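Novice: requesting a structural model of the entry that follows:
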Amino acid sequence: MSIKTEEISALIKQQLANYNEDLAVEEVGTVTYVGDGIARAHGLENALSSELLEFSNGSYGVAQNLETNDVGIIILGEYENIREGDQVKRTGRIMEVPVGDALIGRVVNPLGQPVDGRGEIKTDKTRPIEKKAPGVMARQSVSEPLQTGLKAIDALVPIGRGQRELIIGDRKTGKTSVAIDTIINQKDQDMICIYVAIGQKESTVRAQVETLRRYGAMDYTIVVEAGPSQPAPLLYIAPYAGAAMGEEFMYNGKHVLIVYDDLSKQAAAYREISLLLRRPPGREAYPGDIFYLHSRLLERAAKLSDELGGGSMTALPIIETQAGDISAYIPTNVISITDGQIFLESDLFYSGTRPAIDAGSSVSRVGGAAQTKAMKKVSGTLRLDLSSYRELEAFTQFGSDLDAATQAKLNRGKRTVEVLKQSLHKPLPFEQQTTILYALTHGFIDDVPVDDIMEYESQLNDYLESNAKDLMDTIRQTAALPDTDKLDAAIKSFTEGFVGAEATADNQDSGQ
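Specialist: Model prediction:
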(Lines give C-alpha, C1' and ligand atoms only; values in the text may rest on other atoms or scores of the structure.)
Protein backbone atom coordinates (compact mmCIF):
# COMPACT_ATOMS: atom_id res chain seq x y z
CA MET A 1 0.00 0.00 0.00
CA SER A 2 1.61 3.27 -1.10
CA ILE A 3 1.03 6.55 0.73
CA LYS A 4 1.49 9.73 -1.28
CA THR A 5 3.81 12.43 -0.02
CA GLU A 6 0.94 14.96 -0.19
CA GLU A 7 -1.17 12.83 2.20
CA ILE A 8 1.67 12.60 4.73
CA SER A 9 2.21 16.35 4.48
CA ALA A 10 -1.54 17.06 5.03
CA LEU A 11 -1.63 14.71 8.03
CA ILE A 12 1.37 16.39 9.68
CA LYS A 13 -0.12 19.85 9.06
CA GLN A 14 -3.42 18.72 10.64
CA GLN A 15 -1.63 17.41 13.74
CA LEU A 16 0.39 20.63 14.04
CA ALA A 17 -2.81 22.68 13.81
CA ASN A 18 -4.37 20.72 16.70
CA TYR A 19 -1.25 20.85 18.86
CA ASN A 20 -1.81 22.34 22.31
CA GLU A 21 1.17 23.79 24.20
CA ASP A 22 -0.50 23.58 27.69
CA LEU A 23 1.31 21.04 29.81
CA ALA A 24 -0.38 19.33 32.77
CA VAL A 25 2.30 19.04 35.44
CA GLU A 26 1.39 16.99 38.53
CA GLU A 27 3.60 16.40 41.52
CA VAL A 28 3.24 12.76 42.43
CA GLY A 29 4.60 10.86 45.41
CA THR A 30 4.73 7.24 46.48
CA VAL A 31 3.10 5.82 49.62
CA THR A 32 5.80 4.31 51.86
CA TYR A 33 3.62 3.45 54.88
CA VAL A 34 -0.10 3.16 55.59
CA GLY A 35 -2.04 2.16 58.72
CA ASP A 36 -4.46 3.44 61.41
CA GLY A 37 -5.69 6.30 59.22
CA ILE A 38 -2.13 7.58 58.65
CA ALA A 39 0.03 7.41 55.51
CA ARG A 40 3.56 8.49 54.70
CA ALA A 41 4.56 9.47 51.17
CA HIS A 42 7.92 10.14 49.54
CA GLY A 43 8.42 12.60 46.68
CA LEU A 44 5.97 15.45 47.55
CA GLU A 45 8.69 18.06 48.14
CA ASN A 46 6.45 21.09 47.52
CA ALA A 47 3.34 19.97 49.43
CA LEU A 48 1.71 22.63 51.61
CA SER A 49 0.58 22.21 55.21
CA SER A 50 -3.11 21.13 55.29
CA GLU A 51 -3.09 20.60 51.50
CA LEU A 52 -5.57 18.08 50.12
CA LEU A 53 -3.81 15.08 48.55
CA GLU A 54 -5.43 12.48 46.28
CA PHE A 55 -4.53 8.78 46.39
CA SER A 56 -4.63 6.62 43.24
CA ASN A 57 -7.80 4.83 44.47
CA GLY A 58 -9.71 8.15 44.72
CA SER A 59 -9.42 8.60 48.53
CA TYR A 60 -8.26 11.93 49.94
CA GLY A 61 -5.85 12.87 52.70
CA VAL A 62 -4.49 16.03 54.30
CA ALA A 63 -0.77 16.83 54.56
CA GLN A 64 -0.06 17.15 58.27
CA ASN A 65 3.69 16.58 58.83
CA LEU A 66 6.14 18.16 56.36
CA GLU A 67 9.44 16.42 57.06
CA THR A 68 12.78 16.30 55.21
CA ASN A 69 12.32 12.80 53.76
CA ASP A 70 8.56 12.36 53.56
CA VAL A 71 5.12 13.85 54.20
CA GLY A 72 2.83 12.58 57.02
CA ILE A 73 -0.75 12.39 55.74
CA ILE A 74 -3.99 11.90 57.67
CA ILE A 75 -6.43 9.90 55.53
CA LEU A 76 -10.03 11.11 55.34
CA GLY A 77 -12.38 8.16 55.38
CA GLU A 78 -11.54 4.55 54.50
CA TYR A 79 -7.88 3.59 54.25
CA GLU A 80 -8.04 -0.24 54.02
CA ASN A 81 -7.67 -0.28 50.20
CA ILE A 82 -4.60 2.01 50.11
CA ARG A 83 -1.33 0.04 49.72
CA GLU A 84 2.36 0.79 50.01
CA GLY A 85 3.67 1.75 46.56
CA ASP A 86 0.40 3.49 45.55
CA GLN A 87 0.68 6.92 44.00
CA VAL A 88 -0.50 10.08 45.76
CA LYS A 89 -0.66 13.47 44.05
CA ARG A 90 -1.02 17.08 45.12
CA THR A 91 -4.29 18.86 44.35
CA GLY A 92 -3.03 22.40 45.06
CA ARG A 93 -6.14 23.01 47.23
CA ILE A 94 -6.37 23.48 50.98
CA MET A 95 -8.93 21.22 52.70
CA GLU A 96 -12.39 22.78 52.24
CA VAL A 97 -16.07 21.96 52.84
CA PRO A 98 -19.31 22.95 51.08
CA VAL A 99 -21.19 25.81 52.75
CA GLY A 100 -24.39 27.79 52.28
CA ASP A 101 -28.15 27.71 52.85
CA ALA A 102 -28.47 24.27 51.21
CA LEU A 103 -26.94 22.66 54.31
CA ILE A 104 -29.61 23.99 56.70
CA GLY A 105 -31.83 21.19 57.98
CA ARG A 106 -29.33 18.49 56.96
CA VAL A 107 -27.08 16.02 58.80
CA VAL A 108 -23.61 15.90 57.21
CA ASN A 109 -20.22 14.34 57.92
CA PRO A 110 -17.09 16.50 58.47
CA LEU A 111 -16.47 16.52 54.70
CA GLY A 112 -19.89 18.13 54.13
CA GLN A 113 -21.35 14.96 52.58
CA PRO A 114 -24.97 14.15 53.57
CA VAL A 115 -25.52 11.19 55.92
CA ASP A 116 -29.27 11.64 56.46
CA GLY A 117 -30.42 9.76 53.34
CA ARG A 118 -32.17 12.81 51.89
CA GLY A 119 -30.20 13.14 48.67
CA GLU A 120 -27.27 15.32 47.62
CA ILE A 121 -26.68 18.86 48.85
CA LYS A 122 -26.75 21.31 45.93
CA THR A 123 -24.33 24.12 46.65
CA ASP A 124 -21.35 25.44 44.71
CA LYS A 125 -19.86 27.44 47.61
CA THR A 126 -16.93 26.08 49.62
CA ARG A 127 -14.74 27.41 52.42
CA PRO A 128 -11.38 26.21 53.78
CA ILE A 129 -11.81 24.47 57.13
CA GLU A 130 -8.87 26.41 58.61
CA LYS A 131 -9.15 30.19 58.55
CA LYS A 132 -7.44 32.96 60.45
CA ALA A 133 -9.71 34.36 63.17
CA PRO A 134 -10.93 38.00 62.85
CA GLY A 135 -8.49 40.51 64.33
CA VAL A 136 -9.19 43.01 67.10
CA MET A 137 -10.16 45.81 64.70
CA ALA A 138 -12.55 43.51 62.83
CA ARG A 139 -14.59 42.91 66.00
CA GLN A 140 -16.88 44.90 68.24
CA SER A 141 -17.88 44.43 71.87
CA VAL A 142 -20.38 41.70 72.71
CA SER A 143 -23.56 43.53 73.69
CA GLU A 144 -26.56 41.66 72.28
CA PRO A 145 -27.97 38.87 74.49
CA LEU A 146 -28.35 35.30 73.25
CA GLN A 147 -31.37 33.96 75.13
CA THR A 148 -30.97 30.31 76.13
CA GLY A 149 -34.48 30.04 77.61
CA LEU A 150 -32.94 28.60 80.81
CA LYS A 151 -33.54 30.81 83.86
CA ALA A 152 -30.37 29.68 85.65
CA ILE A 153 -28.18 30.68 82.67
CA ASP A 154 -29.93 33.85 81.48
CA ALA A 155 -30.01 35.20 85.06
CA LEU A 156 -26.64 34.05 86.47
CA VAL A 157 -24.29 33.47 83.51
CA PRO A 158 -25.72 35.46 80.57
CA ILE A 159 -24.40 34.69 77.10
CA GLY A 160 -23.98 37.34 74.40
CA ARG A 161 -23.93 36.97 70.63
CA GLY A 162 -20.29 36.50 69.65
CA GLN A 163 -19.24 35.05 73.02
CA ARG A 164 -17.52 31.72 73.76
CA GLU A 165 -19.11 30.10 76.81
CA LEU A 166 -17.81 26.71 77.94
CA ILE A 167 -20.22 24.03 79.20
CA ILE A 168 -18.25 21.75 81.50
CA GLY A 169 -19.09 18.86 83.79
CA ASP A 170 -18.91 15.11 84.35
CA ARG A 171 -20.50 12.52 82.10
CA LYS A 172 -24.32 12.41 82.26
CA THR A 173 -24.88 15.76 83.99
CA GLY A 174 -27.00 17.37 81.25
CA LYS A 175 -24.35 19.23 79.19
CA THR A 176 -25.84 18.29 75.83
CA SER A 177 -29.37 19.01 77.12
CA VAL A 178 -28.36 22.61 77.94
CA ALA A 179 -27.01 23.03 74.39
CA ILE A 180 -30.04 21.41 72.71
CA ASP A 181 -32.47 23.54 74.77
CA THR A 182 -30.53 26.65 73.73
CA ILE A 183 -30.87 25.63 70.06
CA ILE A 184 -34.63 25.00 70.52
CA ASN A 185 -35.00 28.47 72.07
CA GLN A 186 -33.52 30.16 68.97
CA LYS A 187 -36.77 29.64 67.03
CA ASP A 188 -37.86 32.96 65.48
CA GLN A 189 -34.71 34.63 66.88
CA ASP A 190 -32.98 35.13 63.48
CA MET A 191 -30.27 32.62 64.42
CA ILE A 192 -28.70 29.76 62.45
CA CYS A 193 -27.51 26.90 64.66
CA ILE A 194 -24.79 24.30 64.03
CA TYR A 195 -24.51 21.23 66.26
CA VAL A 196 -21.17 19.41 65.87
CA ALA A 197 -21.30 15.91 67.41
CA ILE A 198 -17.75 14.64 67.94
CA GLY A 199 -17.43 10.99 68.96
CA GLN A 200 -21.07 10.78 70.11
CA LYS A 201 -22.88 7.47 69.60
CA GLU A 202 -24.85 7.46 66.36
CA SER A 203 -28.02 6.45 68.21
CA THR A 204 -27.58 9.45 70.55
CA VAL A 205 -27.10 11.85 67.63
CA ARG A 206 -30.17 10.40 65.90
CA ALA A 207 -32.21 10.99 69.07
CA GLN A 208 -30.97 14.61 69.27
CA VAL A 209 -31.84 15.22 65.61
CA GLU A 210 -35.34 13.81 66.20
CA THR A 211 -35.73 16.10 69.24
CA LEU A 212 -34.68 19.13 67.17
CA ARG A 213 -37.06 18.09 64.40
CA ARG A 214 -39.95 17.60 66.85
CA TYR A 215 -39.57 21.15 68.16
CA GLY A 216 -39.12 22.65 64.68
CA ALA A 217 -35.46 23.51 65.30
CA MET A 218 -34.05 21.61 62.28
CA ASP A 219 -35.53 24.38 60.10
CA TYR A 220 -32.52 26.55 61.08
CA THR A 221 -29.96 23.93 62.19
CA ILE A 222 -27.05 22.05 60.55
CA VAL A 223 -25.83 18.87 62.27
CA VAL A 224 -22.22 17.78 61.64
CA GLU A 225 -21.65 14.22 62.81
CA ALA A 226 -18.33 12.41 63.35
CA GLY A 227 -19.19 9.15 65.13
CA PRO A 228 -16.88 6.99 67.28
CA SER A 229 -16.67 4.37 64.50
CA GLN A 230 -15.11 6.89 62.12
CA PRO A 231 -11.33 7.36 61.78
CA ALA A 232 -9.64 9.83 64.16
CA PRO A 233 -8.87 12.38 61.37
CA LEU A 234 -12.62 12.98 60.82
CA LEU A 235 -13.17 13.59 64.57
CA TYR A 236 -10.22 16.01 64.49
CA ILE A 237 -11.50 18.12 61.55
CA ALA A 238 -15.23 18.07 62.47
CA PRO A 239 -15.22 21.27 64.62
CA TYR A 240 -13.23 23.18 61.97
CA ALA A 241 -15.69 22.07 59.29
CA GLY A 242 -18.59 23.30 61.48
CA ALA A 243 -16.81 26.64 62.05
CA ALA A 244 -16.29 27.07 58.28
CA MET A 245 -20.02 26.47 57.67
CA GLY A 246 -20.85 29.04 60.36
CA GLU A 247 -18.43 31.65 59.01
CA GLU A 248 -20.24 31.66 55.65
CA PHE A 249 -23.32 33.02 57.46
CA MET A 250 -21.39 35.25 59.90
CA TYR A 251 -19.52 37.08 57.11
CA ASN A 252 -22.88 37.64 55.36
CA GLY A 253 -24.20 39.60 58.36
CA LYS A 254 -26.14 36.75 59.99
CA HIS A 255 -26.04 35.37 63.53
CA VAL A 256 -24.80 31.85 64.23
CA LEU A 257 -24.77 29.61 67.31
CA ILE A 258 -22.32 26.68 67.14
CA VAL A 259 -22.10 23.84 69.68
CA TYR A 260 -18.99 21.62 69.83
CA ASP A 261 -20.03 18.40 71.61
CA ASP A 262 -17.44 17.63 72.84
CA LEU A 263 -13.88 18.95 72.50
CA SER A 264 -12.44 16.35 74.93
CA LYS A 265 -13.02 13.72 72.25
CA GLN A 266 -11.48 15.93 69.58
CA ALA A 267 -8.37 16.35 71.77
CA ALA A 268 -8.17 12.56 72.21
CA ALA A 269 -8.47 12.06 68.42
CA TYR A 270 -5.73 14.64 67.83
CA ARG A 271 -3.50 12.92 70.39
CA GLU A 272 -4.03 9.61 68.55
CA ILE A 273 -3.11 11.17 65.20
CA SER A 274 -0.04 12.92 66.67
CA LEU A 275 1.29 9.76 68.30
CA LEU A 276 0.84 7.83 65.05
CA LEU A 277 2.69 10.59 63.20
CA ARG A 278 5.48 10.18 65.81
CA ARG A 279 5.23 13.72 67.14
CA PRO A 280 6.87 14.12 70.56
CA PRO A 281 4.33 13.50 73.37
CA GLY A 282 4.02 15.98 76.23
CA ARG A 283 1.82 16.12 79.33
CA GLU A 284 -0.64 13.17 79.45
CA ALA A 285 0.78 12.14 76.02
CA TYR A 286 -0.89 15.14 74.33
CA PRO A 287 1.28 16.90 71.73
CA GLY A 288 2.79 20.30 72.51
CA ASP A 289 0.32 22.20 70.28
CA ILE A 290 -2.86 20.87 71.94
CA PHE A 291 -3.64 24.38 73.27
CA TYR A 292 -3.40 25.80 69.74
CA LEU A 293 -5.80 23.07 68.55
CA HIS A 294 -8.62 24.68 70.54
CA SER A 295 -7.51 28.32 70.58
CA ARG A 296 -7.47 28.68 66.78
CA LEU A 297 -10.93 27.09 66.68
CA LEU A 298 -12.63 29.12 69.42
CA GLU A 299 -11.07 32.46 68.40
CA ARG A 300 -13.11 32.21 65.19
CA ALA A 301 -16.24 32.98 67.24
CA ALA A 302 -16.75 36.75 67.16
CA LYS A 303 -19.10 39.71 66.91
CA LEU A 304 -17.96 41.41 63.70
CA SER A 305 -17.74 45.18 63.32
CA ASP A 306 -20.50 47.04 61.49
CA GLU A 307 -18.14 47.59 58.52
CA LEU A 308 -17.99 43.81 58.07
CA GLY A 309 -21.76 43.41 58.34
CA GLY A 310 -22.19 43.04 62.11
CA GLY A 311 -22.67 39.24 61.96
CA SER A 312 -21.77 37.04 64.91
CA MET A 313 -20.82 33.48 65.76
CA THR A 314 -21.40 32.32 69.33
CA ALA A 315 -19.56 29.17 70.42
CA LEU A 316 -20.70 26.76 73.13
CA PRO A 317 -17.85 24.25 73.47
CA ILE A 318 -18.51 21.26 75.74
CA ILE A 319 -15.80 19.58 77.84
CA GLU A 320 -16.23 16.39 79.87
CA THR A 321 -14.45 16.23 83.23
CA GLN A 322 -13.46 13.22 85.32
CA ALA A 323 -14.92 13.32 88.87
CA GLY A 324 -15.50 17.10 88.64
CA ASP A 325 -11.79 17.86 88.12
CA ILE A 326 -11.82 21.17 86.25
CA SER A 327 -8.09 21.61 86.99
CA ALA A 328 -7.11 18.83 84.56
CA TYR A 329 -5.08 19.62 81.43
CA ILE A 330 -7.73 20.01 78.68
CA PRO A 331 -10.38 21.70 80.93
CA THR A 332 -7.90 24.38 82.11
CA ASN A 333 -6.77 24.97 78.51
CA VAL A 334 -10.31 25.58 77.27
CA ILE A 335 -11.34 27.60 80.36
CA SER A 336 -8.46 30.00 79.61
CA ILE A 337 -9.56 30.41 75.97
CA THR A 338 -13.29 30.98 76.59
CA ASP A 339 -15.21 33.96 78.05
CA GLY A 340 -16.64 32.01 80.98
CA GLN A 341 -17.95 28.59 81.90
CA ILE A 342 -21.19 26.91 82.94
CA PHE A 343 -20.18 24.22 85.42
CA LEU A 344 -22.65 21.36 85.84
CA GLU A 345 -22.25 19.43 89.08
CA SER A 346 -23.19 15.75 89.38
CA ASP A 347 -24.28 16.05 93.07
CA LEU A 348 -26.81 18.75 92.13
CA PHE A 349 -27.97 16.71 89.14
CA TYR A 350 -28.62 13.57 91.19
CA SER A 351 -30.39 15.58 93.90
CA GLY A 352 -32.95 16.74 91.32
CA THR A 353 -31.66 20.28 90.64
CA ARG A 354 -31.82 20.45 86.85
CA PRO A 355 -30.17 22.13 85.04
CA ALA A 356 -27.47 21.27 87.63
CA ILE A 357 -25.63 24.58 87.38
CA ASP A 358 -23.14 25.32 90.17
CA ALA A 359 -23.58 29.08 90.66
CA GLY A 360 -20.29 29.33 92.58
CA SER A 361 -18.06 27.93 89.81
CA SER A 362 -20.03 29.26 86.83
CA VAL A 363 -19.19 32.68 85.43
CA SER A 364 -19.70 34.82 82.33
CA ARG A 365 -16.84 37.23 81.63
CA VAL A 366 -19.09 39.31 79.37
CA GLY A 367 -21.58 39.65 82.23
CA GLY A 368 -24.16 42.43 82.33
CA ALA A 369 -23.25 43.65 78.81
CA ALA A 370 -25.08 40.59 77.48
CA GLN A 371 -28.15 41.04 79.68
CA THR A 372 -31.33 43.02 79.08
CA LYS A 373 -32.21 45.81 81.51
CA ALA A 374 -35.16 43.84 82.87
CA MET A 375 -33.14 40.68 83.56
CA LYS A 376 -30.30 42.70 85.11
CA LYS A 377 -32.74 44.25 87.60
CA VAL A 378 -34.49 41.05 88.66
CA SER A 379 -31.38 38.84 88.87
CA GLY A 380 -29.15 41.18 90.87
CA THR A 381 -29.34 39.34 94.22
CA LEU A 382 -29.76 35.78 92.92
CA ARG A 383 -26.11 34.69 93.11
CA LEU A 384 -25.77 36.13 96.61
CA ASP A 385 -29.00 34.43 97.75
CA LEU A 386 -27.78 31.09 96.39
CA SER A 387 -24.29 31.28 97.90
CA SER A 388 -25.72 32.35 101.32
CA TYR A 389 -28.17 29.46 101.16
CA ARG A 390 -25.48 26.86 100.34
CA GLU A 391 -23.33 28.13 103.21
CA LEU A 392 -26.21 28.16 105.72
CA GLU A 393 -27.46 24.79 104.50
CA ALA A 394 -24.12 23.19 105.38
CA PHE A 395 -24.09 24.99 108.74
CA THR A 396 -27.64 24.03 109.76
CA GLN A 397 -26.98 20.32 109.29
CA PHE A 398 -25.71 20.39 112.86
CA GLY A 399 -29.23 21.18 114.08
CA SER A 400 -28.71 24.38 116.06
CA ASP A 401 -31.63 26.80 116.75
CA LEU A 402 -31.93 29.47 114.07
CA ASP A 403 -32.79 33.15 114.45
CA ALA A 404 -35.49 34.71 112.28
CA ALA A 405 -33.06 36.37 109.81
CA THR A 406 -31.22 33.09 109.15
CA GLN A 407 -34.51 31.24 108.76
CA ALA A 408 -35.68 33.86 106.24
CA LYS A 409 -32.46 33.44 104.22
CA LEU A 410 -32.88 29.67 104.21
CA ASN A 411 -36.49 29.97 103.07
CA ARG A 412 -35.55 32.39 100.26
CA GLY A 413 -32.65 30.10 99.22
CA LYS A 414 -34.89 27.02 99.00
CA ARG A 415 -37.35 28.91 96.81
CA THR A 416 -34.52 30.31 94.63
CA VAL A 417 -33.23 26.78 93.96
CA GLU A 418 -36.78 25.64 93.13
CA VAL A 419 -37.49 28.57 90.79
CA LEU A 420 -34.26 27.96 88.86
CA LYS A 421 -35.23 24.33 88.15
CA GLN A 422 -36.55 23.72 84.65
CA SER A 423 -38.03 20.78 82.76
CA LEU A 424 -36.15 19.24 79.83
CA HIS A 425 -36.78 20.86 76.41
CA LYS A 426 -39.01 23.55 77.95
CA PRO A 427 -37.07 26.80 77.40
CA LEU A 428 -38.99 29.85 78.67
CA PRO A 429 -39.55 33.11 76.77
CA PHE A 430 -37.56 36.00 78.19
CA GLU A 431 -40.60 37.88 79.55
CA GLN A 432 -41.82 34.83 81.53
CA GLN A 433 -38.37 34.36 83.06
CA THR A 434 -38.37 38.02 84.08
CA THR A 435 -41.75 37.89 85.83
CA ILE A 436 -41.09 34.74 87.89
CA LEU A 437 -37.68 36.06 88.98
CA TYR A 438 -39.29 39.41 89.86
CA ALA A 439 -41.85 37.60 91.98
CA LEU A 440 -39.04 35.66 93.71
CA THR A 441 -36.70 38.57 94.45
CA HIS A 442 -39.56 40.83 95.64
CA GLY A 443 -40.80 38.32 98.20
CA PHE A 444 -44.09 37.30 96.57
CA ILE A 445 -43.14 33.60 96.74
CA ASP A 446 -41.84 33.61 100.34
CA ASP A 447 -45.11 32.13 101.67
CA VAL A 448 -45.74 29.71 98.78
CA PRO A 449 -44.94 26.09 99.80
CA VAL A 450 -41.71 24.89 98.09
CA ASP A 451 -43.48 21.90 96.51
CA ASP A 452 -46.00 24.23 94.82
CA ILE A 453 -43.51 26.58 93.18
CA MET A 454 -43.45 24.85 89.76
CA GLU A 455 -47.26 24.99 89.68
CA TYR A 456 -47.18 28.62 90.88
CA GLU A 457 -44.85 29.57 88.02
CA SER A 458 -46.98 27.84 85.39
CA GLN A 459 -50.21 29.46 86.63
CA LEU A 460 -48.54 32.89 87.01
CA ASN A 461 -47.43 32.84 83.34
CA ASP A 462 -50.98 31.96 82.20
CA TYR A 463 -52.52 34.59 84.50
CA LEU A 464 -50.25 37.43 83.33
CA GLU A 465 -50.69 36.54 79.65
CA SER A 466 -54.49 36.69 80.15
CA ASN A 467 -54.92 39.54 82.65
CA ALA A 468 -51.83 41.72 82.21
CA LYS A 469 -50.96 41.26 78.56
CA ASP A 470 -49.91 44.92 78.21
CA LEU A 471 -47.23 44.42 80.90
CA MET A 472 -45.91 41.24 79.20
CA ASP A 473 -45.89 43.01 75.81
CA THR A 474 -43.89 45.90 77.31
CA ILE A 475 -41.22 43.51 78.64
CA ARG A 476 -41.17 41.61 75.33
CA GLN A 477 -40.82 44.71 73.16
CA THR A 478 -38.62 47.01 75.27
CA ALA A 479 -36.60 44.37 77.22
CA ALA A 480 -37.12 46.61 80.27
CA LEU A 481 -39.36 46.32 83.34
CA PRO A 482 -42.78 47.99 82.95
CA ASP A 483 -44.53 50.11 85.61
CA THR A 484 -43.52 48.21 88.77
CA ASP A 485 -46.66 49.31 90.66
CA LYS A 486 -48.85 47.64 88.05
CA LEU A 487 -46.63 44.55 87.98
CA ASP A 488 -46.66 44.35 91.80
CA ALA A 489 -50.45 44.64 91.82
CA ALA A 490 -50.88 41.92 89.16
CA ILE A 491 -48.52 39.44 90.88
CA LYS A 492 -50.03 40.21 94.32
CA SER A 493 -53.54 39.66 93.01
CA PHE A 494 -52.52 36.30 91.51
CA THR A 495 -50.59 35.18 94.63
CA GLU A 496 -53.52 35.92 96.92
CA GLY A 497 -55.80 33.79 94.77
CA PHE A 498 -53.24 31.01 94.15
CA VAL A 499 -54.28 27.57 95.36
CA GLY A 500 -51.40 25.08 95.44
CA ALA A 501 -51.53 21.44 94.42
CA GLU A 502 -51.72 20.22 98.06
CA ALA A 503 -54.59 22.58 98.93
CA THR A 504 -56.43 21.53 95.78
CA ALA A 505 -56.03 17.86 96.68
CA ASP A 506 -57.25 18.55 100.29
CA ASN A 507 -60.31 20.41 98.95
CA GLN A 508 -61.12 17.54 96.62
CA ASP A 509 -60.80 15.04 99.49
CA SER A 510 -63.05 17.11 101.79
CA GLY A 511 -65.56 17.58 98.94
CA GLN A 512 -65.76 13.84 98.49
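Novice: just list the residues touching A328, thanks.
Specialist: 321-322 (Cβ atoms under 8 Å, 6 or more residues apart in numbering). The way it works is simple: take the backbone N, C-alpha and C, and place the C-beta from them, glycine included.
Novice: I misspoke; the intended subject was D358.
Specialist: 343-345, 348.
Novice: point out where the stretch 301-450 of the chain drops to low pLDDT.
Specialist: Applying pLDDT under 70 to the stretch 301-450 of the chain flags the ranges 397-400.
Novice: can you give me the strands in it?
Specialist: All strands of the stretch 301-450 of the chain, identified by DSSP state E, counting those that start in this stretch, fall at 312-320, 340-344, 363-364.
Novice: direction included, what does the last one pair against?
Specialist: Each strand that pairs with strand 363-364, with its direction, by DSSP bridges: strand 340-344 (antiparallel).
Novice: centre of the chain to the partner strand, how far?
Specialist: 13 Å (Cα atoms, centre = their mean, to the nearest Å).
Novice: can you check stretch 155-164 too?
Specialist: Mean C-alpha position of stretch 155-164 versus that of the full chain (Cα atoms, centre = their mean) differs by 13 Å.
Novice: repeat for stretch 159-171
Specialist: 8 Å.
Novice: measure it end to end?
Specialist: End-to-end distance of stretch 159-171: 23 Å, with Cα to Cα, to the nearest Å as the criterion.
Novice: go on, stretch 316-325?
Specialist: This stretch, stretch 316-325, spans 20 Å end to end (Cα to Cα).
Novice: run through who's touching it.
Specialist: 159, 164-171, 175-176, 179, 182, 257-265, 294, 298, 328, 330-331, 334, 338, 345-346.
Novice: so T30 sits against D86, correct?
Specialist: Yes. Taking Cβ atoms under 8 Å as the definition, T30 is a contact partner of D86 at 7.5 Å.
Novice: residues near D339, how many?
Specialist: Neighbours of D339 under the rule other Cβ atoms under 10 Å: 21.
Novice: tell me how far S141 lies from T182.
Specialist: Counting by Cβ to Cβ, to the nearest Å, the separation of S141 from T182 is 22 Å.
Novice: please identify the deepest-packed of the strands of the stretch 301-450 of the chain.
Specialist: Neighbour counts (mean count of other Cβ atoms under 10 Å) averaged over each of these peak at strand 312-320, with a mean of 26.
Novice: what is the burial count for K421?
Specialist: Look at K421: counted by other Cβ under 10 Å, it has 16 neighbours.
Novice: same question, G35
Specialist: 13.
Novice: before we move on, back to that, widest-spaced pair of the contacts of D358?
Specialist: Within those, F343 and L348 form the most distant pair, 9.9 Å apart (Cβ to Cβ).
Novice: quick revisit: between the strands of the stretch 301-450 of the chain, which one is closest to L235.
Specialist: Nearest of the strands of the stretch 301-450 of the chain to L235, taken as Cβ to Cβ: strand 312-320 at 14.1 Å.
Novice: ok so, going back, look at S141 and T182 and report which has more neighbours.
Specialist: T182 (25 against 11).
Novice: isn't the more buried one right up against L257?
Specialist: Yes. If you go by Cβ under 8 Å, T182 and L257 touch, sitting 6.9 Å apart.
Novice: relative to Y270, how far out is R283?
Specialist: R283 sits at a distance of 14 Å from Y270 (criterion: Cβ to Cβ).
Novice: so the two - more neighbours on which side?
Specialist: Ranked by neighbour count (other Cβ under 10 Å), R283 and Y270 place Y270 first, with 23 against 9.
Novice: apart from its neighbours in sequence, what residue is nearest A179?
Specialist: What sits nearest to A179 in space, not counting adjacent residues and going by Cβ to Cβ, 6 or more residues apart in numbering, is V259, at 4.4 Å.
Novice: direction included, what does whatever helix or strand the one you found lives in pair up with?
Specialist: Secondary structure from DSSP states H and E places V259 in strand 255-261. If you go by DSSP bridges, strand 255-261 pairs up with strand 192-198 (parallel), strand 312-320 (parallel).
Novice: can you put those strands in TSV and add distance to N46?
Specialist: Shown next, in TSV, are the strands paired with strand 255-261 (distance: least, Cβ to Cβ, whole Å):
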stretch	distance to N46
strand 192-198	32
strand 312-320	34
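Novice: contacts for the strand holding V259?
Specialist: 146, 161, 175-176, 179, 182-183, 186, 190-198, 200, 239, 242-243, 246, 249-250, 266, 297, 301, 311-318.
Novice: can you show me the helices along the stretch 351-500 of the chain?
Specialist: 373-378, 382-395, 404-419, 430-441, 453-467, 469-478, 484-497 (DSSP state H, counting those that start in this stretch).
Novice: which residues touch the second one?
Specialist: Read it as helix 382-395. Residues beyond helix 382-395 that count as contacts (Cβ under 8 Å, 6+ apart) turn out to be 155-156, 359-360, 406, 409-410, 412-414, 416-417, 420, 437, 441.
Novice: can you select the buried ones among these for me in ChimeraX?
Specialist: Buried members of the contacts of helix 382-395, defined by 16 or more other Cβ atoms under 10 Å, are picked up in ChimeraX with:
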select :155,156,359,409,410,412,413,416,417,420,437,441
